[in-house]
Every structure is written in C-alpha cells, then in structure tokens.
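> What would the 3D arrangement of this be:
(one chain, ligands or ions: 1)
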Amino acid sequence: MEIKGLLFDKDGTLLEFHQMWLHVAQGAAADTLTAYAAENNHHLDDVALLAAIGVHGNDVDNHGLLASNPVEDTADAWYQLLQLSSDKAQFSRTVKQLFNKQVEDNPTLIQALPGIKAKLLNLKQQGFRLGIATADSKDATLYSLMLAELIDLFDFVGYSDGDIAPKPAPALLHAFCEQCDLVPQQVIMFGDTVSDMKFGRNAGASTIGVLTGTATEDELQPYADTVLYSVADFNSDLLMTITHC
Ligand SMILES: [Mg+2]
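Numbers count the residues shown, from 1 in each chain. Reported below is the predicted structural model:
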C-alpha cells in the first residue's frame, strides 16, 4: 500500500534530545525536592530521583521513563520513591508544571536536529502528510515546536496529556490516520526509542528507527523495518524496501 503519511516522535527524532532533557530533568528533580522538602523523610537526593527515570550521570536510558514515557509516569515513580503522604494527583500536577517551567526557562536548548527542517519541508512538498506523536505534554510540545520553527509543517500534533493512551499503545497513530484520512498501512512511524518502534507496529504501520536520540542500532533493529542515522537521511527511494511492495 502506498505510503502517504509520515509520523514522527519529537525529542531525539526531530529535536535535539540529550542536552535539553538532561538539563530539564535535572532542574525538575531539584525543584521537586525543594517543593516537597518537608515530606522528604528519607532524605532522598536528586541522584536517586534521576536514576528512577533512567538518568545516570549524563547517560539517558532509552527504555527509561524520561526517554519513553509521559511526565505522569515520572511523577508516579517519584511519588512512590519519596513515599509521600500528600495528595498524589496534586503531586503529579506539580511535577508536570515543574517540567514545563524548565522547558520554558531554557528556550536556547530547544533546537531542531541538523537538516531536519529542510527535510520536512521537502517531504511536505512531495505531498506526504506529516504528524507528531510524542510522550511530551501539550504545552511543552507546542512551545518547543514553535521555538524550533517546525510547527506549521504538521497536519497533526499528537501529545500525551493524560487524555489519550500514550505510546506504545496505538491510539496516537490512529488519531493521525483519522485526521489525515489514512489507514495505518499507509504510515511510517519514525522514532529514536524501542517504544516508538513498538508503537508503530502495534498500530499496523511501518517503522524507521533513528540514531539521533537515546537508542543504539542494535536496540532498534529488532523492532524497526530499517534504521537510519537521521530523519534527514530518509528519501522516498527507501519506500520500496520498507513497505515490501
Ligand atoms: Mg524520542
């Protein structure tokens, strides 16, 4: 079936991931500890909070919560770790606000990866429908796509704000199809994590892994139809090999 839709993860796939999210996570962990200092009876530090979401020093685990999951899952993990007695839903809202604040306080860290904007423009001119499927929240997603000057290129922007099942559940890909009048077999999902690849396959789409984010080629290969270094390396000549047509 002819490919007509290209759906992209955001961070590590279109936007620089490491520099930004490491900084944001470090800041949000420190701010969370400050906000809940009175209840931190076990004197946990930011190293423990960061380890719980897959951040170890400067390394970010591609299977960890920071790389692959919505911020609500980070809040759940931190709530359990801190063994808080205060309201869990309020804690989750606070953590989400602290992450969003870190994103908005660090606009210079939000950058499109090399060659991405030109490639997306080119693909749009070829007639592909373009979409985003991210585990990031609505506010941070729209803000970062606007700052990176990419937002006008997309027919669909799907985020995880607690109102739709996050990746790897197929709901965001089905929403893209509905918006663009496509079926999943006409879509390629691009992403930098195993979760992105599982998401594409769960929905019935083709998958392309990229190495501009957190995962290695060996990690992505079993779940991807092909692995490229970057979305910037994609061209329509690859469609024949990916879709087996
Ligand atoms: Mg990513």
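
> So which residues of this structure form helices?
18-35, 46-51, 65-68, 71-82, 88-105, 116-125, 138-147, 171-180, 194-203, 217-220, 239-243 (DSSP state H).

> Name the nearest residue to the residue in the chain that the ion sits nearest to, ignoring sequence neighbours.
Nearest residue of the chain to the ion: G12, at 3.6 Å (CB to the ion). The way it works is simple: take the backbone N, C-alpha and C, and place the C-beta from them, glycine included. Distances taken as CB to CB, 6 or more residues apart in numbering put G213 closest to G12, at 2.2 Å, once the chain neighbours are dropped.

> what's the distance between that neighbour and M189?
G213 sits 14 Å away from M189, going by CB to CB, to the nearest Å.

> Which of those two has more residues huddled nearby?
Neighbour count, other CB atoms under 10 Å: between G213 and M189, M189 has more, with 33 against 27.

> Give the closest residue to that one in space, chain neighbours not counted.
Counting by CB to CB, 6+ apart, the nearest residue to M189 once its immediate chain neighbours are dropped is G200, at 3.1 Å.

> got it, and A77?
Excluding the flanking residues, the one nearest A77 by CB to CB, 6+ apart is A52, at 4.7 Å.

> pLDDT score for that neighbour?
Predicted confidence (pLDDT) for A52: 97.

> And for K117, the neighbour number?
Per other CB under 10 Å, the neighbour tally for K117 reads 16.

> How about the contacts made by it?
By CB atoms under 8 Å, 6 or more residues apart in numbering, the residues touching K117 are A148, E149, L150, L153.

> What's the local residue count around the last one?
Just to be clear, that refers to L153. Neighbour tally, L153, other CB under 10 Å: 16.

> Quick check: it vs G200, distance?
Applying CB to CB, the value for L153 to G200 is 20 Å.

> The third one now?
The span separating L150 from G200 equals 20 Å under the rule CB to CB.

> quick one on the thing from earlier: so the residue nearest to M189 sits against T193, correct?
No. Counting by CB atoms under 8 Å, G200 stays clear of T193, with 11.1 Å between them.

> Give me the pLDDT for T193.
If you check T193, the pLDDT there is 95.

> Could I get the contacting residues of it?
Taking CB under 8 Å, 6+ apart as the test, what T193 contacts is D9, G12, N62, H63, A67, S68, G213, T214, A215.
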